[in-house]
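# Have a look at this prediction, sequence included:
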Amino acid sequence: MHNLKRASLILDDGTVFRGKSFGYEKPVAGEVVFNTAMSGYPESLTDPSYEGQILVFTYPLIGNYGVPARDTVQNLSAYYESEKIHVEAIVISDYSFEYSHWNADKSLAQWLQEEHIAGICDIDTRALTKHLRERGSMKGKIIIDGGEEIDWVDPNIYNLVARVSCKEVIEYGNSGKRVVLVDCGVKHNILRCLIRRGVTVIRVPWDYDFTGLSYDGLFISNGPGDPTLCDATVEHIRKTMQDTCKPIFGICMGNQLLSRAGGAQIYKLKYGHRSHNQPVRQVGTNRCFITSQNHGFAVDSTTLNDDWSPLFVNMNDNTNEGIRHKTKPYFSAQFHPEASSGPTDTEFLFDEFIKLL
Amino acid sequence: MAQETTQKIKKVLLLGSGALKIGEAGEFDYSGSQALKALKEEGIYTVLINPNIATVQTSEGVADKIYFLPVTPYFVGRVIEKERPDGILLSFGGQTALNCGVSLYENGTLEKYNVQVLGTPVQAIMDTEDRELFVKKLDEIDVKTIKSIAVTTIDDARRAAQELGYPVIIRAAYALGGLGSGFCDNEEQLLTIGEKALSFSAQILIEKSLKGWKEIEYEVVRDRYDNCITVCNMENFDPLGIHTGESIVVAPSQTLSNNDYHKLRELSIRIIRHIGIVGECNVQYAYDPESEDYRVIEVNARLSRSSALASKATGYPLAFVAAKLGLGYGLFELKNSVTKETSAFFEPALDYIVCKIPRWDLGKFQGVDRELGSSMKSVGEVMAIGRSFEEAIQKGLRMIGQGMHGFVENKELVIPDIDKALHDPTDKRIFVISKAFRQGYTVEQIHELTKIDRWFLQKLYGIIETANAIESYNRIADVPEELLREAKKQGFSDFQIARACLKQNMIDTETAIIEVRNRRKSLGIVPVVKQIDTLAAEYPAQTNYLYLTYHGIENDVEYKGDRRSVIVLGSGAYRIGSSVEFDWCSVNALNTVRKEGWRSVMINYNPETVSTDYDMCDRLYFDELSFERVMDIIELENPHGVILSVGGQIPNNLSTRLDGQNVRILGTSATDIDHAEDRHKFSSMLDELGIDQPRWRELTSLSDIYEFVDEVGYPVLVRPSYVLSGAAMNVCSNNTELEMFLKLAANVSKQHPVVVSEFIQNAKEIEMDAVARDGEIQLYAISEHIEFAGVHSGDATIQFPPQKLYVETVRRIKKVTGQIAKALHISGPFNIQFLAKNNDIKVIECNLRASRSFPFVSKVLKINFIELATKIMLGLPIEKPAKNEFDLDYVGIKASQFSFSRLQKADPVLGVDMSSTGEVGCIGYDTSEAILKSMLSVGYTIPKKNILLSTGSAKQKADLLEAAHQLHEHGYNLYATGGSHQFLTDNGIPAVKVYWPSESDKEPQALQMIHDKKIDFVVNIPKNLTATELDNGYKIRRAAIDFNIPLITNTRLAAAFIDAFCNISLDEIQIKSWDEYK
C-alpha cells in the first residue's frame, strides 16, 4: 500500500469529498469541471483551455500508460498540447502507480510533482460528476490534511486568455500560404495540423493587431475562460471582415469570438461539454461526426445576425457547434477538429480551410 | 428517410445460429432477440429459422413465425419458397447464418424469390470472408494486414511457410471461431495442422505469426448515410496468439495512449467505409507493444461474440441498432436507449472497467489438448464490472465458477514447471501467474515468459501484496480498517480475507465469512451500487443497469424498501451442463414476475444471455452470484423474496446459506431442497417411501469399494457428491478400470469419499419435468431417452411425448413423482430422472429446480412450465392446465450438439459425463421425421454412398443388424472392420472389410479411407462404457471428427438415425412452423 497524505476536495456548496493526495502537495483552488474521455490525460492536462480549472476524470483508471517525454519538434511539443500543465489540479478515482508504455518517460505522479500540480485520488468521481451535473460547475479547492488553507478562486472573472497566450509573434515554416493564428491558448496540435498542410503560421498574441500583416487566411484558436473578456480579438476580427474577404477559421474559443464578431451572444453552460464523444450534425445534412470537446461557454445561435447561419449543432442538447457566413469564407467549430486528445473525424475541416486560401 | 426502405419491407426472415457450440453460443440468441424486437417495433412481420428450442428468440411472441429447422441453404430455401419474405437478415446468427446467406445468394435463391438482403450487402460479407479479397480490399486504402499466402494443397502450404519463415499460423477460410486454425513452429506441425484445415475448407492461409503483439478490437457501426461510430474498444490481456474467445479481455483498452486508441479507431472507420458495411462489424488488430505499428487481423461483418460483449460492456444495444440500420435508418434518427433523450449517434463513455474471462470445461474431455492457441475451446464466458482492474478481475475469476476465489487464496495448484506453464498458456495460466508471484517471480520475468503487458502484471502483483499484508495477521479482528478497505477495493471476497487471515485454521468457513462481513459492515465498508449509463453521468439516465463496487461513497439508485421486488438468480457462465435453457427459464420467470405486478430484479453476469439485457427486468445487477454479493443485494433491495429454482445449480446451491440468513426463498423451502440434494437424506427418504433406486454407497477406502462391488457386481458408477452434470463421474467395468479411474480422478479418503452405485445396463432413462404446488403436481411432462441409460441426460437424444413407454411405466412414474413431490413439499419446478427396465422403475436423481429440458417440453406441449411455476412461487392462484402430453399429434426430439472438432485430441465418445455444448429441438409428425430434422440441425448429413461400421460388442452388433439391412437395401456401400464385417457377412449383408490402424500392413485401411474422404458416415460403437477405449477405436473416431465426417457412437441413436433417413427423404420433410403443429 502506498503512503499518501489524506486530502479533501471541498466544493463551493459545502460538499466535501475525501481522498488522497498523489500529486504535488499544495492547496489549490479553481473551477471544478469534469471530462468523460477515457484516454488522453497528458493532452488534457497540457491543454491551455483548462487554465484555472480543477479537472475531474470520470474514467476511473488514470495513469496507466505514464507520461511521454517533454520532447520538442520544430519548436512544438512532441506529445503535449503546450509547454506545461495548465490544469490547477486533477481529481481521479483509481491512480495507477505503475505504468507501462514504450513511449512513457515518467509516471503521472512524478510529472505532477515536477510541475507543482496537485492531484487527488480515491474520490468517487461518479458521485462528484453527478453532483456537478445537477448543480453545475462550481468553485472548489483541494486541501491536504494538515496543510495550508487557500481562498476560493473563480477563474472565469480573469482574462485567462491573456494569461496563456503567447507574448510575442512566432513564425512557423517559411513556405506556402500565410496563416495568421490568433493565440488565445492554442493547442499545439492545431499548429501541427496547419503546418503539416504546408502553410506558414504566424502565431500572434490574442490582442495583437494583425490586420496590417500580409497573410492569406486567419485562424482563431481555442482558449480558456469567458469569451466576453476578449474584446480586443473580436475587434480585430470585425475589422478584418470589414476590410478584406480573407478566409477565417475558428475553433472552440475561436467559434465564440467569431460569433461575437458576427453579433451573437455567448452564455455559460451549466456544466459544459468536456469529452471525446460529443455527436454533432452538419446543419441541413445527414452528416454526423463524433467530436472532442472542451468548453464551458456556448454561442446562442438565435442571436447571430442574418449574414450567418449555424454550421454544426450538438445532437444531444441542440447547442451550437459551429457557424458559417452565408456568403463569405468564414466558418468555425465549437469542437476540436484537431482532436488530441479525442476522435479525428473532423480533421478534414483543416483541409477545407486550406482549400479556401 | 428510413420510411422509403421500410415501406417495401413488410416481412423479414431472420436466420438464427442453431445449437450452441464452441465459437457460436448464447450471444446470438441475444443478438437475434434484439433484432426481432427492433423489427417488431416497426410493425414488420418476422419469420425466424432456428432449431435451438431452448433459446429466448424462439419463444412465443418474439418472432411472428418460428421454424425449428436446420439453418442450411436447403431448408432456408424451402422456407423462403413458402413464406416469401421481402427481406432477410444474415448477420444476427453468427457464422452459421452468414455462410448460409452467402450460399443462398450464390445459388440464386435470394434473387429468384426477390428477397432483399438487409444491412451489409453480401458482396461486402464475401470481401471480408475470403482472405485474398480481404487483403486486396484493405490494400486499396493502404491499411496493413497480416501477410498471408492462400494455398489449396499441402505442398503449396509448405512452400508458403518456407517463404514467410516460421513461426506461421494456418487459418481456414470461412470457418467459425478459428476452426482448424493453428500455430506451427516447424514443418512437422505444418503438415498435421495444414491437412486438417484443408479438410474444413478448400482454401487455407499461411501467415507470418506476430506472437507477443497486443490484440485490440473495435466494434464499429455505420449507417447508409456513411455516418460511423466505434461503440467500444477492447484489449486482450493475453497477447496475440491466443484466440480472442480464449483470452481475458478488458474494455475499454487500458494500455493504449490517446494516439494508439485513435489511430486504431480512425483505421476502423476507414475500413468499415471502404468495405461498405451497413450495420455493425468488428475489427481486430495486432498492435506492436514497442511502436505504433499495427496489422488488421480480421473483420467480422456481422454481430459477433465481441459485439455482444461490447453491448453489455457499454449498454449500447448493437444488435438492436444494427437491425434498424438494416431497415434504412440513419444513426441520427435513433435514440440512445439508456438515456432515451440523447442520440444513438454517439460513442459510450465508460466510467468503469469490464473484464471478460472465458470459461473452459476441458476437464470433461478425455485426452484433450489443454494448451490454448488460435482456435477456440472455451464454452462460455463471464463479464465482471468494477471501478478498478483488480476489482473486476477478482470478481471475474470467481464468476467463472471453477472453485476459485479470485486471484489469490485458492487451493494450491500443482505446477511441475512454472516457466513452461507461463510460456505455453493453458486454461489455468492466470492462476499460474499467481503462483509464480508467490514463488518470487518478478513482473519482468513473467512478462518475458508470457508477453502479457506489464501493466496488467503490476496490477496483479498489487493483489499479491495486499494478500501478503493480510496474511501477516492471524485474526480477522486484527486486520486494520485501511487494509480491509483496500482489499475490498481490490475485489477480495470475505472468503479470501478470512482465508488469508486464518490460513489452515479456517475450519468453519461459514462462520469466518460472516465474521469478516460483520466486521467490515461495522466499519462501514460496504459496496455501493452504480449505474451503467453510457455517458459516464454526463446526462441524467433512468437506467436500471447496475453493478456493485467498493470504489464509491453513494448509491446511484434509491431503495424504496416496499418489499415489492422479486429477485431472480440467473445461471452464470454457460458451461457444459448449464446454458441457454436456464436463460430461457430466467427470462420467463422475470416476465411473469413483472406481469403479475412485482418489480423484477435479475442477478447474473453472463454477457451472452438475454436475461442480462437490461430491457428484460426492472433492475439488472450485473454482478456475482456468490453468497456474499447476493446478500449485499438482498440487504439493499429488501425484496419480497428470492427465486432460486430457474437458474440451474448455482442458485440452488445457495439455498441453505441464504435460508441461514433468514432470506425469504420463494417456492420449495431450503430444507426440502437440501433433502433432495443431500444424497443420504434423499436416499433414506426414498427408502421410507418404498421407492426403488440403484444401490449405492458412500465409501472412503478402496477395500470398502471392492466389498460393495462384490455385492452389486460390475459395472459400477463412481462419482463425487453434490455436483452438476456428473463432473468426474465414470463407469468402471472391472478392477483395472476402477483402480485406474480412482488413481486419476478421485482421491479416496475420509475427507473425500466416493459414491459408488450399481450401474444398470440396457435400461431406459426417463425424464419427469413437473411443477407442483404445496406438494401437489400441477403440470408434468414425461420424456424418454433414445439412448439407453449410460449416456448423460444432457447428451442423450430425448423424445417428447414418449412413444415407446409402457402405459404401466408411465403410471408408476406419475405415482412415484407424486409421492416425492408430497414428501418434499414441492412448490415450483422440479425434475426427476428414472431408470426403467421392463416395468421396474428406479429414481436416479431429483432436482428441485427447473431442468435443462423445461424449454423443450414447454414449447412442444405449448404450456409455459416456468410461467406456471413462477405464479405458484408468487403465491398466485393458477388454473391446472387441461391439456397433457398424450393429446399431442406430433413428436418433439431434442438432439445434442457436440463440439469435438474444436477440442483437439479429445475422444468423441459419450458417457456418463456430459460433453455436449448445445442442443436443438425439432418437431415432426412421427419420430423419424423429428429425428431427421434434429440430427440435420446438429450438423449431420444424410450419407451419400459409403458407410463405415465398427459396431462394438455382440449385443450391440445384433442391435444394429436391422439398421444394416436397411442401409444395404437402400443401396449404401458398407465398409466394416473385422468383427463387424464377419457379423454382417454371416447375416447375409454384403460389406467390404477394412482394417484397423493396428493392422497397418493390410489394405484397405479404415483410417486412410477417412483421410481420403471416401466415407460419408461413421458408426463406431466403443465396446465398453469406459473412456479408456482401445487406441484403434479412438483413432477412427478422432479422424472422423478431424475430417468432418458425421460420427455416431451409440447403437440406439445410430439405429434411429439410419431408420429415419432410410424411411424419409429430404424432400419429404415438412416445412411447418411451430404454430402449425396443433
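Happy to help now that I have it. Numbering: from 1, shown residues only, chains lettered A, B, ... in the order given.
# for the stretch 1-150 of chain B, what spans make up the helices?
B:2-8, B:27-41, B:73-83, B:94-106, B:109-112, B:122-129, B:131-140 (DSSP state H, counting those that start in this stretch).
# nearest to residue A:119, of those?
Residue A:119 sits nearest to helix B:27-41 of all these, at 40.2 Å, using Cβ to Cβ. For the C-beta atoms, the positions are set from N, CA and C on the backbone; glycine is no exception.
# returning to what we had before: ranking the helices of the stretch 1-150 of chain B by burial, who's on top?
helix B:27-41 (a mean of 26; mean count of other Cβ atoms under 10 Å in any protein chain shown).
# Of all the helices of the stretch 1-150 of chain B, which one is nearest residue B:302?
helix B:94-106 (5.3 Å).
# Give the other helices and strands that the closest one contacts.
strand B:11-15, helix B:27-41, helix B:73-83, helix B:122-129 (3 or more Cβ pairs under 8 Å, 6 or more residues apart in numbering or on different chains; DSSP states H and E).
# Now with 6 Å, please.
Taking 3 or more Cβ pairs under 6 Å, 6 or more residues apart in numbering or on different chains; DSSP states H and E as contact, the helices and strands that helix B:94-106 lies on are helix B:73-83.
# Any chance you could list what contacts the top strand by length along chain A?
Using DSSP state E to define each element, chain A has its longest strand at strand A:265-282. Outside of strand A:265-282, the residues within contact range by Cβ atoms under 6 Å, 6 or more residues apart in numbering or on different chains are A:33, A:35-37, A:132-133, A:136-137, A:227-228, A:256, A:288-289, A:291-298, A:300, A:303, A:312-315, A:321, A:342-343, B:343, B:345-347, B:349.
# Which of the residues you listed fall within strands?
Reading strands off the contacts of strand A:265-282 with DSSP E, I get A:33, A:35, A:288-289, A:291-298, A:300, A:312-314, A:321.
# so which of the residues you listed also contact chain B?
For chain B, the contacts drawn from those by Cβ under 6 Å from any Cβ of the partner chain are residue A:288.
# Just the buried subset of the ones in strands among the contacts of strand A:265-282, please.
A:33, A:35, A:288-289, A:291-298, A:312-314, A:321 (16 or more other Cβ atoms under 10 Å in any protein chain shown).
# Nearest to chain B among those?
The closest of these to chain B turns out to be residue A:288 (Cβ to the nearest Cβ; 4.5 Å).
# For residue B:1020, list the residues it contacts.
Residue B:1020 touches B:950, B:1033, B:1036-1037, B:1049, counting by Cβ under 6 Å, 6+ apart.
# can you rerun that using 7 Å?
By Cβ atoms under 7 Å, 6 or more residues apart in numbering or on different chains, residue B:1020 lies in contact with B:950, B:1033, B:1036-1037, B:1047, B:1049.
# First-to-last residue distance for stretch B:11-23?
In stretch B:11-23, first residue to last residue: 30 Å (Cα to Cα, to the nearest Å).
# closest to chain A among the contacts of residue B:1020?
So of the contacts of residue B:1020, ranked by how close each gets to chain A (Cβ to the nearest Cβ), first place is residue B:1037, at 46.6 Å.
# How much space separates the closest one from residue B:898?
11 Å (Cβ to Cβ, to the nearest Å).
# where do the contact lists of those two overlap?
residue B:908.
# Leaving out the residues flanking it, which one is nearest to residue B:382?
residue B:399 (3.9 Å; Cβ to Cβ, 6 or more residues apart in numbering or on different chains).
# what do you get for residue B:539?
Nearest to residue B:539 is residue B:339, by Cβ to Cβ, 6+ apart, at 5.3 Å.
# show me the contacts for that neighbour.
Counted by Cβ under 7 Å, 6+ apart, residue B:339 has contacts B:533-535, B:539, B:541.
# Assign a three-state SS to it, would you?
The assignment at residue B:339 comes out as coil when based on DSSP: H, G, I helix; E, B strand; the rest coil.
# ok, it to residue B:540 distance?
Relative to residue B:540, and taking Cβ to Cβ, residue B:339 is found at 7 Å.
# Likewise for residue A:163?
Taking Cβ to Cβ, one finds residue A:163 at 35 Å from residue B:540.
# So between the two, which is more surrounded?
residue A:163 (17 against 13; other Cβ atoms under 10 Å in any protein chain shown).
# Secondary structure class of the more buried one, three-state.
Residue A:163 ends up helix, using three-state DSSP.
# repeat for residue B:955
helix.
# Grab the nearest non-local neighbour of residue B:292.
That would be residue B:263: by Cβ to Cβ, 6+ apart, it lies 6.0 Å from residue B:292.
# rewinding a little: take the helices of the stretch 1-150 of chain B and write them to a markdown table, including mean pLDDT.
Output for these, formatted as a markdown table (pLDDT from 0 to 100):
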| stretch | mean pLDDT |
| --- | --- |
| helix B:2-8 | 56 |
| helix B:27-41 | 96 |
| helix B:73-83 | 98 |
| helix B:94-106 | 96 |
| helix B:109-112 | 98 |
| helix B:122-129 | 94 |
| helix B:131-140 | 92 |
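# Quick one: those as TSV, columns for distance to residue A:252 too.
As requested, the helices of the stretch 1-150 of chain B are exported to TSV (distance: least, Cβ to Cβ, whole Å):
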stretch	distance to residue A:252
helix B:2-8	34
helix B:27-41	37
helix B:73-83	54
helix B:94-106	44
helix B:109-112	50
helix B:122-129	37
helix B:131-140	35
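# Give me the buried positions along the top helix by length along chain A.
Longest among the helix segments of chain A by residue count, using DSSP state H, is helix A:231-243. Neighbour-count burial for helix A:231-243 flags A:232-234, A:236-237, A:240-241 (criterion: 16+ other Cβ under 10 Å).
# Fine by me, we can end here.
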